[in-house]
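K.L.:
Any chance you could fold what I've pasted below:
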Amino acid sequence: MTSRFSSYYTVVPFKRLLLAFSAFALVGSTVAHAQTTPPVQAKPAASSTERLQGFSKARLANIAGVMNEQVKSGMFAGAVTVIARNGQIVYFEPHGFLDAAKTKPMPKDALFRLASMTKPIVTTAAMMMVEQGKLNLNDPITKWLPELKDLKVETKDGDVPLNRPIWVQDVMRHTSGFVYAGSTKSPRIKQMYDELNIEARLEDITASQVLTNLGKIPLANQPGTFWEYSISVDVLGLLLERVANKPLDAILNELLLGPLGMKDTTWWVPPAQAGRIAETLDSDPLKVEMLKSYRQTYNPLNKSYFKGGAGLLGTAADYLRFAQMMVNGGELDGKRYLSPKTVEFMLSQHTVGMGGSTIASTGPGYGFGLGFAVRQDEGMAWVPGSKGDAMWAGAWGTSFWIDPKEKLVGIIMAQGPSNRTHTRMLYKNLVYGSLVK
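P.N.:
Numbering: from 1, shown residues only. Here you go, the predicted structure:
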């Protein structure tokens, strides 16, 4: 794949609201003895110059100050924040610094390791292929991945057969029984994931080899019974490659990245562009180990598999294109990517009655749809929002959400992995705290 970059471009036209109005009324009356009361001037109505798409400009201005405080306190070196409502950008600002040494101001077109924000993009591409009739959600994944046909499930009484096959739907919603080595409760499964290099943490591993190795490791849970964050979407990416008979980078370029104009979203960054990557502070204890997992300085094609769950880098402007398409119900700039019913389906609760929780990533109050965590009610959560808002985030510190009820997109791009939960909740409070109408 050729890495694709361009100069910074505006994603959605920023339309200033210039309409202003004021209402003044002089009220007079004649009273006894020909006395008149002095004229009374009514208080001017709130002007559109004070608001933008329902956001208070004064409140939006607070975001920069808070972000700069986060930089000073060592949460991250810098960030880029974006808010759009009704298809219009209402806030788009860089904060802090691009580099760990804090010598280069953060540019708007900085590249960020998206990590798990890759997952919604890959799942959306998969749903486009579902709409094209190339696969069904209840198809067993072994239809395309025969390396996994002999999987078992680990139990306290030994490994047992699967009660049913892993479906395509399971790898979209993390109910497959796969895990991440760093979070599984099974020491045995963790050891096998590490020794067989399932997550390519220390060295390259091809798509064929990772599937062969994965077929030797038991699942942590029976398919369709438990939500556990996992390599599921990495497996989904490998499945899409078999369905389309193309590498995942080509699939995404053809279905989403190219048509959406996401010109700076890529799997690897050539040396000439490496200076655009936002850096993590050296003081962040997760930095060194996390960097070992990423193959982003060279083209992974035929060397290491494209990680459908974690492999992309991109800009805030690019990700806004994708998120705006989803909040629009599958359409952007006159081109339709998904039907509105498919988007509605993806943003519904798909884990009813199952164990597990998304709380570590979302806070309380969320279930999981297809590629997105989905808010189940206005209450219960740690931050404001709407029933049905959908989000996901990346381990490096990026986060986004879409709120169909408010026609809102919020994005924060930062690279502070140790503080990522704090950062995403703080930013969401700032955004909703600025929405006044």
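K.L.:
Helices of the protein, residue ranges please.
P.N.:
Remark: helices assigned in the chain by DSSP state H are 57-60, 62-72, 118-131, 168-173, 187-195, 207-214, 232-244, 248-252, 258-260, 287-291, 316-327, 340-346, 359-362, 420-434.
K.L.:
so which of the ones you listed gets nearest residue 386?
P.N.:
Judged by CB to CB, the one of the helices of the chain that comes nearest to residue 386 is helix 420-434, at 9.3 Å. C-betas here are computed from N, CA, C, even on glycine.
K.L.:
about what we covered before: out of the helices of the chain, flag the one nearest residue 139.
P.N.:
Judged by CB to CB, the one of these that comes nearest to residue 139 is helix 168-173, at 5.1 Å.
K.L.:
so what does that closest one touch, helix or strand wise?
P.N.:
On a contact count with 3 or more CB pairs under 8 Å, 6 or more residues apart in numbering; DSSP states H and E, helix 168-173 meets helix 118-131, helix 232-244.
K.L.:
can you put those helices in a markdown table and add distance to residue 431 and mean pLDDT?
P.N.:
Output for these, formatted as a markdown table (distance: least, CB to CB, whole Å; pLDDT from 0 to 100):
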| stretch | distance to residue 431 | mean pLDDT |
| --- | --- | --- |
| helix 118-131 | 19 | 98 |
| helix 232-244 | 26 | 98 |
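K.L.:
Dump those into TSV; add mean neighbour count and distance to residue 92 as well.
P.N.:
Listed next are these as TSV, based on neighbours: other CB atoms under 10 Å; distance: least, CB to CB, whole Å:
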stretch	mean neighbour count	distance to residue 92
helix 118-131	24	21
helix 232-244	24	28
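K.L.:
Including distance to residue 211, could the ones you listed go into JSON lines?
P.N.:
Below are the helices and strands packed on helix 168-173 laid out as JSON lines (distance: least, CB to CB, whole Å):
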{"stretch": "helix 118-131", "distance to residue 211": "16"}
{"stretch": "helix 232-244", "distance to residue 211": "6"}
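K.L.:
To residue 171, which of those lies closest?
P.N.:
Comparing the helices and strands packed on helix 168-173 by CB to CB, helix 232-244 comes nearest, at 4.2 Å.
K.L.:
any weak-confidence spans in the stretch 1-150 of the chain?
P.N.:
For the stretch 1-150 of the chain, applying pLDDT under 70 flags the ranges 1-48.
K.L.:
Tell me where it has strands.
P.N.:
51-52, 55-56, 78-85, 88-96, 112-113 (DSSP state E, counting those that start in this stretch).
K.L.:
Out of those, which is the most enclosed?
P.N.:
Among these, strand 112-113 has the highest mean neighbour count (mean count of other CB atoms under 10 Å), at a mean of 27.
K.L.:
Sheet partners, orientation included, of that one?
P.N.:
Counting by DSSP bridges, the strands paired with strand 112-113 are strand 313-314 (antiparallel).
K.L.:
Could you give the average pLDDT over the partner strand?
P.N.:
On average, the pLDDT along strand 313-314 is 98.
K.L.:
With stretch 199-218 instead?
P.N.:
Mean pLDDT, stretch 199-218: 96.
K.L.:
Nearest to residue 400, out of the helices and strands packed on helix 168-173?
P.N.:
helix 118-131 (8.3 Å).
K.L.:
For that closest one, list the C-alpha coordinates in CSV.
P.N.:
These are the backbone C-alpha positions of helix 118-131, laid out as CSV (Å, rounded to 0.1, in the frame of the first residue of the first chain):
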residue,chain,number,x,y,z
THR,A,118,-9.7,1.6,14.1
LYS,A,119,-12.4,-0.9,15.2
PRO,A,120,-15.5,1.2,14.3
ILE,A,121,-14.1,1.8,10.8
VAL,A,122,-13.4,-1.8,10.1
THR,A,123,-16.8,-2.9,11.5
THR,A,124,-18.5,-0.3,9.3
ALA,A,125,-16.7,-1.7,6.2
ALA,A,126,-17.8,-5.2,7.2
MET,A,127,-21.4,-4.0,7.4
MET,A,128,-21.1,-2.4,4.0
MET,A,129,-20.1,-5.9,2.8
VAL,A,130,-23.1,-7.4,4.6
GLU,A,131,-25.3,-4.9,2.7
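K.L.:
Give me the angle between it and helix 232-244.
P.N.:
Orientation of helix 118-131 against helix 232-244 (axes from the mean of the first three to the mean of the last three CA atoms, to 10 degrees) gives an angle of 40 degrees.
K.L.:
Could you name the helices and strands sitting against helix 118-131?
P.N.:
The contact analysis (3+ CB pairs under 8 Å, 6+ apart) places helix 118-131 against helix 168-173, helix 232-244, helix 248-252, helix 316-327, helix 340-346.
K.L.:
a markdown table for the helices of the chain, including distance to residue 147?
P.N.:
Shown next, in a markdown table, are the helices of the chain (distance: least, CB to CB, whole Å):
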| stretch | distance to residue 147 |
| --- | --- |
| helix 57-60 | 51 |
| helix 62-72 | 44 |
| helix 118-131 | 19 |
| helix 168-173 | 14 |
| helix 187-195 | 15 |
| helix 207-214 | 4 |
| helix 232-244 | 9 |
| helix 248-252 | 17 |
| helix 258-260 | 30 |
| helix 287-291 | 28 |
| helix 316-327 | 31 |
| helix 340-346 | 28 |
| helix 359-362 | 29 |
| helix 420-434 | 33 |
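K.L.:
Alright, calling it a day.
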